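> sequence unknown, structure follows:
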């Protein structure tokens, strides 16, 4: 299986396991800058040179050798499951993507037909009941994860623990797992631990949010989207994420983690 979703700087200064919807655009750009002194011109997910990625066949042997030998500092970044799944809905389901089209082509028509989800019309700008549509999206999310119907789960809303675990299961070990909600603090720990060709000043780094502006603006506080049934579904889908990454399931209004990630626990529980 190898190391899907793993990126490494060309200089091999650092290895990163991408977790979608968890500041991955900003992290990728910081890695690129640390090697080249410039940011990648465009979305870092589109870069096919200047960085090693598991998706690039020529990079795979180098990544595998590095990760299995734990030659470089390895890290990942996680996010509150409530805000992550909400962000996936507004970006991927309601939003128009970089190519000017809907995400995954016929996905939205399928959701409209099977789950009654509204997305704000053709361009995502019409008014619609965001809360009702999001709750229906959660049902769809649960169905994809539990039964792989009507399709396989998508990387943007499948559990973070699943992404994080492939790295461990295939012989990798993390030195750091930090929170999107405490981004500068966590990223600084990584930068302090590695040697980079170009110094990175986090205060001057723009936030690269590739999903910003894709979809309609969220109109309500996070907690308004999650009634009892929604929270039951969220627990069913993301129970492990809440437990391992120390997020507050009981209070959707609290996006901050309740404690630090216990790396030994993560490796023990996700390594089997």
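The structure has been received and is ready for your questions. Given the structure is predicted, the values throughout are model-derived calculations rather than measurements.
> so which elements touch the host helix or strand of residue 163?
For residue 163, the element it lies in under DSSP states H and E is helix 160-169. In terms of contacts (3 or more C-beta pairs under 8 Å, 6 or more residues apart in numbering; DSSP states H and E), helix 160-169 is packed against strand 14-17, strand 73-78, helix 228-245, helix 263-270. Bear in mind the C-beta positions are built from the backbone N, C-alpha and C, glycine included.
> just name the most buried of these.
strand 14-17 (a mean of 26; mean count of other C-beta atoms under 10 Å).
> residues contacting it, please?
3, 5-8, 27-28, 31, 34, 63, 66-67, 72-76, 163-164, 166-167, 172, 174, 190, 194 (C-beta atoms under 8 Å, 6 or more residues apart in numbering).
> you'd agree residue 234 is up against residue 85?
Yes. Contact criterion C-beta atoms under 8 Å: residue 234 and residue 85 qualify, at 7.0 Å.
> any common contacting residues for these two?
residue 138.
> still on that earlier bit, ok, residues contacting the helix or strand that the helix holding residue 163 is followed by?
Using DSSP H and E, the helix or strand that follows helix 160-169 in sequence is strand 176-179. Residues outside strand 176-179 that contact it (C-beta under 8 Å, 6+ apart): 73-79, 164, 185-187, 189-190, 193, 245, 256-257, 261, 263, 266.
> which other helices and strands contact the following helix or strand past strand 176-179?
Going down the chain from strand 176-179, the next helix or strand is helix 183-193, by DSSP H and E. In terms of contact count using 3+ C-beta pairs under 8 Å, 6+ apart, helix 183-193 is assigned the packing partners helix 24-36, strand 73-78, strand 176-179.
> in helix 183-193, what counts as buried?
Within helix 183-193, the residues scored as buried using 16 or more other C-beta atoms under 10 Å are 183, 186-187, 190-191.
> figure out which of the helices and strands packed on helix 160-169 is closest to residue 111.
Minimum separation from residue 111 across the helices and strands packed on helix 160-169 (C-beta to C-beta) falls at helix 228-245, 15.5 Å.
> report the angle between the closest one and helix 160-169.
Helix 228-245 runs at 30 degrees relative to helix 160-169, counting by axes from the mean of the first three to the mean of the last three C-alpha atoms, to 10 degrees.
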